[in-house]
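Chemist: One predicted model, sequence on top.
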Amino acid sequence: MDDLLPPSSSYLSWVSAVASRHRATLTVVMVYLVWCRSTTSLLARTKPWGPRWLAVVVARFLSWLLSAVNGNSIQVKPPPEPLVVGKQYEVVWHPHGVFTTMAFMYCGLHTVTASPLSWYPGVSPLLFRLPIFREVLLLLNARSVNGRCLDRLAAAGCNIGVQPGGIPEQIISDSSREVALFPGRLGFIKLAMRHGAELLPAYIFGENQAYDTCGSVGRAISKFSFHWFGFPILLVRGRWGLPWIVPKAVDVHVCWGRPVPVGPPDASPTEDQVLAVFTKYVAELRRLFDENKDKCLPPEVAKHGLSIGTWGHEARGCVSLDKLRSCL
């Protein structure tokens, strides 16, 4: 090992030589780090970032790429009635899936082309630490899922988007069943009620079938790693049975539901009011799923229906567990 290290007497000279040899690369890295550091406010920007023509080009390319590589067909079923122009909505999409691949590759085109509306989906702040991917997300209207960021967007009158299942739903993702999880706090309901934004459900059929999660063993490892390390280690098989992020060839159906009214803006809704809205939302989600499952899912998956549960009951500020269960 000692032979691999430069002599201490010439260490500075060695560092200087390395820096000189890779000066261009180091300069680019430093400039990019400064750019990221100085533009953290973009994660809550209330206006589109970057040229809109470029956003459309990137979104169409991603959609085409997945279709071309995997032979996926994509079908979109718009809301039963046209959305009201000028009304604010909170898009709630399901399911999370292993990597939310279909949501990213396809639904980016929906928001930048306002089909059926333009919205700002909240995604994990961790994803904004990935070089280049960060800028792609911002270009496609993605913003941090941080509560303050979403509140700022909603307060500005923007349509926002959330995926309530989060990591708990991700680690139980299973190609043989459909599950929708909700946080015990029901923060996404409270957010909509604070701003009077109607809840607009969207279900992406085919998201869960994009990967094989290696059965109960794979899911157990994901749960174990998330519990002990704070992040899930996902064991998946994609196309050709290989352990990579290229998804299997599946048909994708993006189905939009009916908006669920939440009433006028209410800064401090009561628990009963929150549960009443949640009950209506669950009913609409079930209607949307049941209406489309037989033609959008494999028969062996559709026959099990949609399982709905909650997570985070121990979290401070969560609604009554008994009342919450009664809504499901």
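Modeler: Everything's here; your move. Bear in mind that the values here come from a model prediction, so they are computed numbers and not experimental data. Numbering: from 1, shown residues only.

Chemist: rest of the way, CA atoms for contacts and neighbours
Modeler: Will do.

Chemist: For the chain, which segments count as helices?
Modeler: With helices called from DSSP state H, the chain shows them at 11-21, 23-38, 52-70, 101-112, 133-139, 147-155, 166-171, 187-195, 215-229, 271-296, 299-302, 321-327.

Chemist: and the fifth one, which residues are buried?
Modeler: By neighbour count with 16 or more other C-alpha atoms under 10 Å, helix 133-139 contains the buried residues 134-139.

Chemist: Show the model's pLDDT score for residue 105.
Modeler: Note on residue 105: pLDDT of 83.

Chemist: if we can go back for a sec, closest to residue 255 among the buried residues of helix 133-139?
Modeler: residue 137 (22.4 Å; C-alpha to C-alpha).

Chemist: show me what contacts the closest one?
Modeler: Listed by C-alpha atoms under 8 Å, 6 or more residues apart in numbering, the contact partners of residue 137 are 128, 143.

Chemist: and what of the one 5 residues further on?
Modeler: Residues in contact with residue 142, defined by C-alpha under 8 Å, 6+ apart, are 43, 120-123.

Chemist: Export those residues as TSV, with columns for neighbour count and distance to residue 237.
Modeler: Output for the contacts of residue 142, formatted as TSV (neighbours: other C-alpha atoms under 10 Å; distance: C-alpha to C-alpha, whole Å):
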residue	neighbour count	distance to residue 237
43	22	32
120	30	30
121	26	27
122	21	27
123	19	24
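
Chemist: Where does confidence bottom out across those?
Modeler: residue 43 (90).

Chemist: Next up, the contacts around residue 304.
Modeler: With the criterion set at C-alpha under 8 Å, 6+ apart, residue 304 makes contact with 177-178.

Chemist: How confident was the prediction at it?
Modeler: 94.

Chemist: ditto for residue 221
Modeler: At residue 221, the model reports a pLDDT of 79.

Chemist: Could you measure from the spatially closest residue to it that is not a sequence neighbour over to residue 208?
Modeler: Nearest residue to residue 221, sequence neighbours excluded (C-alpha to C-alpha, 6 or more residues apart in numbering): residue 233, at 6.8 Å. According to C-alpha to C-alpha, to the nearest Å, residue 233 stands 17 Å off from residue 208.

Chemist: More neighbours: which of the two?
Modeler: residue 208 (28 against 17; other C-alpha atoms under 10 Å).

Chemist: any idea which of the buried residues of helix 133-139 is closest to residue 154?
Modeler: Ranked by distance to residue 154 (C-alpha to C-alpha), the buried residues of helix 133-139 are led by residue 138 at 17.0 Å.
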